[in-house]
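Asker: Quick one: sequence and predicted model below, then my questions.
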Amino acid sequence: MSDANQHNDTFEAAASRTEAVAHFESQRRGFVGQLQHILHVNSSFVPLIVLVAAVLIFGLLLGSKFFSPFALTLILQQVQIVGIVAAAQSLVILTAGIDLSVGAIMVFSSVIMGQFTFRYGIPAPVSVLCGLGCGMLIGALNGWLVSRVKLPPFIVTLGMWQIVLATNFLYSANETIRSQDIEANAPFLQFFGSKFNVGGAVFTVGVVFMLLLIAVLSYALRHTAWGRHVYAVGDDPEAAELSGVNVHRTLMSVYILSGLICAFAGWALIGRIGSVSPTSGQLANIESITAVVIGGISLFGGRGSILGSLFGALIVGVFTLGLRLLGADAQWTFLLIGLLIIAAVAVDQWIRKVSA
């Protein structure tokens, strides 16, 4: 046998062994790879499955008490504020940031709306516009400090949370505007709390706004250039800049929009509780982050669906109402939600590890 023929035989044998190993690896990792790909492309699948499972379990345990139209729409009413704030938080987290000031912006905007109406006699619609403008202004300041001054989002929004919260208490003097006064003199402030019935189910304008907001943002993030820029900045800002994305403009738009959405949440908060209270919404920061994390949006940015944040908020609402109807201690809710948060982050890390 010639050296050339021997070399060819050796090469073919090596290639055959390599192909066999590759085929074995493909079979071994095929299912895991496909599952990872599905979860990577559709990050809201996991929270959706958890939501459906929770509804079915509590439905079996509680029967018609839980499956009634009133009970299911009550969950929507209870999570409407968290759902709106979570939408704002989702935008920031998609850019690999985090906004700890969302709750403070929400409450301060509601205080502006109430105080401008009752302290200065400004018509309620104008006061609402002032509150919305206040939210946008605070969001713009957050965005400028993050994108231009290059400060970490965590530090910027932590500081802004303290500043806005202190300003809120100083400006309002801890004064609560009562529900009766609002109903009598400025019912427009409670517009988001207006209710209407659909086949036994009770909806509020705030619930409808939350659902429309999620739908619009979901479309914008998936089907517009702005949405692609948001994901690109969250994935790798330097690469996004090199590919022609204006990172500063994108971050500014995200933080301004986040502030505006939080101001709308402040308006919805007035409708939800009926009054203007500077001490309301104290847990909005944590609740919004909880909804986003359980909803499958990566804390590292660049991956996730804003629809998942709605599922995350609904999961919390289902567990809260279900356990309450079962007569369980409220601490069980916190325990289960804590486990879900850790599990959601673990799933996100697993997806990243497999895709690496």
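Answerer: Sure thing, it's come through. Numbers count the residues shown, from 1 in each chain.
Asker: Work out the gap between stretch 143-159 and the centre of the chain.
Answerer: Centroid separation between stretch 143-159 and its chain, computed with C-alpha atoms, centre = their mean, to the nearest Å, is 19 Å.
Asker: Same check on stretch 313-325?
Answerer: 17 Å.
Asker: which residues sit in contact with Asn185?
Answerer: Residues near Asn185 by C-beta atoms under 8 Å, 6 or more residues apart in numbering: Thr117, Phe118. For glycine as for every other residue, the C-beta is placed from the backbone atoms N, C-alpha and C.
Asker: distance of it from Ala124?
Answerer: Computed as C-beta to C-beta, to the nearest Å, the Asn185 to Ala124 distance reads 9 Å.
Asker: which neighbours do the two share?
Answerer: The contact sets of Asn185 and Ala124 overlap at Thr117 (C-beta under 8 Å, 6+ apart).
Asker: could you say what helices and strands the helix or strand Ser109 falls within packs with?
Answerer: Taking DSSP states H and E as the criterion, Ser109 maps to helix 102-118. Under the contact criterion of 3 or more C-beta pairs under 8 Å, 6 or more residues apart in numbering; DSSP states H and E, helix 102-118 touches helix 69-94, helix 124-147, helix 153-172, helix 179-185, helix 247-273, helix 284-294.
Asker: For those, give me TSV that also has distance to Val318 and mean pLDDT.
Answerer: Shown next, in TSV, are those (distance: least, C-beta to C-beta, whole Å; pLDDT from 0 to 100):
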stretch	distance to Val318	mean pLDDT
helix 69-94	6	93
helix 124-147	29	98
helix 153-172	29	96
helix 179-185	28	95
helix 247-273	19	97
helix 284-294	11	92
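Asker: Need these in JSON lines (columns: distance to Leu212).
Answerer: Formatted as JSON lines, the helices and strands packed on helix 102-118 follow (distance: least, C-beta to C-beta, whole Å):
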{"stretch": "helix 69-94", "distance to Leu212": "11"}
{"stretch": "helix 124-147", "distance to Leu212": "16"}
{"stretch": "helix 153-172", "distance to Leu212": "26"}
{"stretch": "helix 179-185", "distance to Leu212": "24"}
{"stretch": "helix 247-273", "distance to Leu212": "11"}
{"stretch": "helix 284-294", "distance to Leu212": "18"}
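Asker: Among those, single out whichever gets nearest to Ile105.
Answerer: helix 247-273 (4.1 Å; C-beta to C-beta).
Asker: where's that closest one relative to the chain centroid, distance-wise?
Answerer: The chain centre lies 12 Å from the centre of helix 247-273; the measure is C-alpha atoms, centre = their mean.
Asker: and the angle for it with helix 102-118?
Answerer: Using axes from the mean of the first three to the mean of the last three C-alpha atoms, to 10 degrees, the inter-axis angle of helix 247-273 relative to helix 102-118 is 60 degrees.
Asker: Which elements pack onto helix 247-273?
Answerer: Checking 3+ C-beta pairs under 8 Å, 6+ apart, helix 247-273 ends up next to helix 69-94, helix 102-118, helix 124-147, helix 205-223, helix 225-235, helix 237-242.
Asker: Give the buried residues for the fifth one.
Answerer: Neighbour counts using 16 or more other C-beta atoms under 10 Å place Gly227, His229, Val230, Tyr231, Ala232, Val233, Gly234, Asp235 of helix 225-235 among the buried residues.
Asker: now swap in the third one and tell me
Answerer: Buried residues in helix 124-147, defined by neighbour count with 16+ other C-beta under 10 Å: 124, 127-128, 130-132, 134-136, 138-147.
Asker: mind giving me the domain ranges of this protein?
Answerer: Structurally, the chain divides into domains by automatic domain parsing as follows: 1-41, 43-355.
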